[in-house]
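Undergrad: got a sequence here, can you model it:
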Amino acid sequence: MRTRTIAPGFYKNPELARCDAHARLMFTALWALADRGGRLVDRPEKIRAEAFPFEPDVDPDALLWQLHSQGLALRYVAATGQELIEIPRFGKYQRPYRHEPPSMLPAVEDEGSTLRAPKDPTRIGTEELRLSPVSCLLSPVSSPPYGGGKSQLTLDGIAAPLETAAMKVKTGKPNTEGTPAFVAAFCPHALIVRAWCDLLPALPPPIVPWVGLPERFLRARWRAQAMHEQWETQSEGLGYFRKLFRYVGRSRFLTGRIGPHRLHETPFEVTLEWLVKHEHWIKVQQGQYHDKGEGVMR
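TA: Below you'll find the predicted structure:
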């Protein structure tokens, strides 16, 4: 196990408030077990031995599903078949030792990686997980929905699981795999960025690393579009973004093929960071930056 740090906001994290006290303690143990990329092999019994060496009755698998349901520790299967865990935004809140080797494990957003689902989704939020009365009182939603979005480890981020819970109430559909709410909860940032680079190689590439406001804006666009279009798979969403990027490529203005109004200016070229802002996103889809014959995106 490695030495990690705990931010003051950890104790008031609303996603953790939905979890049992044992799950909260396990969360900090996962930080110490994770590599530089915030990833580790999903071996519940080994994790239990490290986190609770004197408590053999603790159910590590149930605790991990609690953390997964709140988007705090994502359980997934890599393209290689490995069952892994990734802690979202790990690098933003942890400062690993400079000589710590880089992660050799595939990321949750790598091509071929798929999120796991519990064999019995009804276990999430039941007595089997031993949710304490304090947890339920602190949480705005006493029974946490399965498939909550990725969340930050402190309070200064977007509480995606709270928004996912609201979507569940609004739509009346369970937030399980194969539903729009489940697809909306997990934005495949890396795959979208890769599609932008593949389809629009002449335009400026996205910033690296893809973090901060652009990441939040893209997640918001993905979530809203998934619910509006009722995507049932991630592939449907990626197909929509690829269609949008091709539509952007047909605009002479957005791709810099129309000269500037003044001689000393350079032509405008759209960036992904610019596109994912709400006001720009709407105008692009309405065709306001395309020639009149092009029409709106369909």
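Undergrad: which secondary structure element is home to Val284?
TA: For Val284, the host element (DSSP states H and E) is helix 278-285.
Undergrad: can you pull the buried residues of stretch 23-42?
TA: Of the residues in stretch 23-42, those buried under the neighbour-count criterion (16 or more other Cβ atoms under 10 Å) are 23-24, 26-27, 29-31, 33-40, 42. C-beta: built from backbone N, CA, C; applies to glycine.
Undergrad: strands along the stretch 51-200 of the chain, start to end?
TA: In order along the chain, the stretch 51-200 of the chain carries the following strands (DSSP state E, counting those that start in this stretch): 74-77, 83-86, 114-115.
Undergrad: in CSV: those, plus mean pLDDT, distance to Leu275 and mean neighbour count.
TA: Converted to CSV, the strands of the stretch 51-200 of the chain look like this (pLDDT from 0 to 100; distance: least, Cβ to Cβ, whole Å; neighbours: other Cβ atoms under 10 Å):
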stretch, mean pLDDT, distance to Leu275, mean neighbour count
strand 74-77, 92, 26, 21
strand 83-86, 94, 27, 21
strand 114-115, 87, 26, 14
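Undergrad: is it possible to get TSV of these that adds distance to Pro206?
TA: Putting the strands of the stretch 51-200 of the chain into TSV (distance: least, Cβ to Cβ, whole Å) gives the following:
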stretch	distance to Pro206
strand 74-77	22
strand 83-86	21
strand 114-115	23
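Undergrad: just name the closest of the buried residues of stretch 23-42 to Gly293, please.
TA: Gly37 (47.4 Å; Cβ to Cβ).
Undergrad: before we move on, back to that, next step: the buried residues of stretch 23-42 restricted to helices.
TA: Counting by DSSP state H, those place 23-24, 26-27, 29-31, 33 in helices.
Undergrad: hang on, isn't His290 packed against Arg250?
TA: Yes - proximity of His290 to Arg250 meets the contact threshold set by Cβ atoms under 8 Å, at 6.8 Å.
Undergrad: more neighbours, the two?
TA: His290 (19 against 12; other Cβ atoms under 10 Å).
Undergrad: how about that one, secondary structure?
TA: Secondary structure state of His290, per DSSP: H, G, I helix; E, B strand; the rest coil, is coil.
Undergrad: check contacts around the residue nearest to it when sequence neighbours are not counted.
TA: Leaving out its chain neighbours, the residue that sits closest to His290 by Cβ to Cβ, 6 or more residues apart in numbering is Ser251, at 4.7 Å. Residues in contact with Ser251, defined by Cβ atoms under 8 Å, 6 or more residues apart in numbering, are 270, 284, 289-291, 294.
Undergrad: quick check, nearest of those to Ile6?
TA: For the contacts of Ser251, the nearest to Ile6 is Val270 (40.8 Å; Cβ to Cβ).
Undergrad: spatially nearest residue to the closest one (excluding sequence neighbours)?
TA: Leu254 (4.1 Å).
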